[in-house]
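Trainee: how does the following fold in three dimensions:
(chains A and B)
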Amino acid sequence: MSAHLQTPLKRARGLGSAKSGTAHFIAQRITAAALALLGLWFLWLSLRLLHADFAAAHALVAQPLNAVLLVAFVIALFWHAQLGLQVVIEDYVHTPWLEVVLQLLVKFLALLGALACALAVVRIALGS
Amino acid sequence: MAQTARPLSPHLQVYRWQVQMVTSILHRATGIALAVGTLVLVLGLAALARGPEAWSAFATCAASPLGRFALFGWSWALSYHLLNGLRHLAQDGGWGYDIPRFVASSWTSVVGSLVLTAAIWACVLMRGGAA
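Mentor: Numbering: from 1, shown residues only, chains lettered A, B, ... in the order given. Presented below is the predicted three-dimensional model:
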């Protein structure tokens, strides 16, 4: 099977540590638990936002409790999404350069999304 | 890893379809859909931060037929991923691994997601018409 004179261990080395899986698993569950609570709250907020005009929607999001929970929701959401998409990419993308590019892209986009949402909420909350 | 000629494990087409398999696939599919859907959240919050014109443009988009269709799909994906995610958390705690309970909880996720989606849109309609 092996065309090169290397042991399996030698070929596996450098492809990444096998020690970070547990942290990923735990982070995925913790963000899931947070999102189960915050997601229900977000549904309720969305329903209230649905028929609101600009002033009412702005005021609703600007309420301190809503603003804080929304930022918490956004952080948990993008974190959880990144962790989940990471596993999807690991499972289905087997071209090494493409996998690295996609993993980085997902991480960058998730971080940008979280930052953009958090900044928007802060702007709304501070009324600027 | 295209260079290996190793035997591959059987994949989807080999198995008879059953609900446990559907819930697993749907969990991943709705997760991907929700990740893409976060773009709507970014755009909505950015519009609300920018001002009345941007917000009304966003609201118009959301109320368009395509926007409503996307929101409807998103609400179901959220309902399903939420309920099935709670099921997975329970399973992580060691609960519900015997086959009858596993199958029953699978159906609970599927049917529950439809009920929750219906409840959401009933709320939407009762609060004075769509968007």
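
Trainee: quick one: residue A:42 and residue A:73 touch, right?
Mentor: Yes. With contact defined as Cβ atoms under 8 Å, residue A:42 reaches residue A:73; the gap is 5.4 Å. For the C-beta atoms, the positions are set from N, CA and C on the backbone; glycine is no exception.

Trainee: can you list the residues of chain B near chain A?
Mentor: B:1-2, B:4-6, B:28, B:31-32, B:34-35, B:38-39, B:41-42, B:45-46, B:48-49, B:51-52, B:55-56, B:78, B:82, B:85-86, B:88-89, B:92, B:120, B:123-124, B:127-128, B:131 (Cβ under 8 Å from any Cβ of the partner chain).

Trainee: repeat that with 7 Å
Mentor: Within reach of chain A by Cβ under 7 Å from any Cβ of the partner chain, chain B has these residues: B:1, B:28, B:31-32, B:35, B:38, B:41-42, B:45-46, B:48-49, B:52, B:55-56, B:78, B:82, B:85-86, B:89, B:92, B:120, B:123-124, B:127-128, B:131.

Trainee: quick check on the residues you listed: which are buried?
Mentor: B:28, B:31, B:35, B:38, B:41-42, B:45-46, B:48-49, B:55, B:78, B:82, B:85-86, B:120, B:124 (16 or more other Cβ atoms under 10 Å in any protein chain shown).

Trainee: in helices, which of the residues you listed appear?
Mentor: B:28, B:31, B:35, B:38, B:41-42, B:45-46, B:48-49, B:55, B:78, B:82, B:85-86, B:120, B:124 (DSSP state H).

Trainee: OK, contacts around residue A:38?
Mentor: Contacts were defined as Cβ atoms under 7 Å, 6 or more residues apart in numbering or on different chains; by that measure residue A:38 touches A:69, A:72-73, A:76.

Trainee: what about chain B, any weak spots by pLDDT?
Mentor: Along chain B, segments meeting pLDDT under 70 span B:1-4, B:12, B:128-131.
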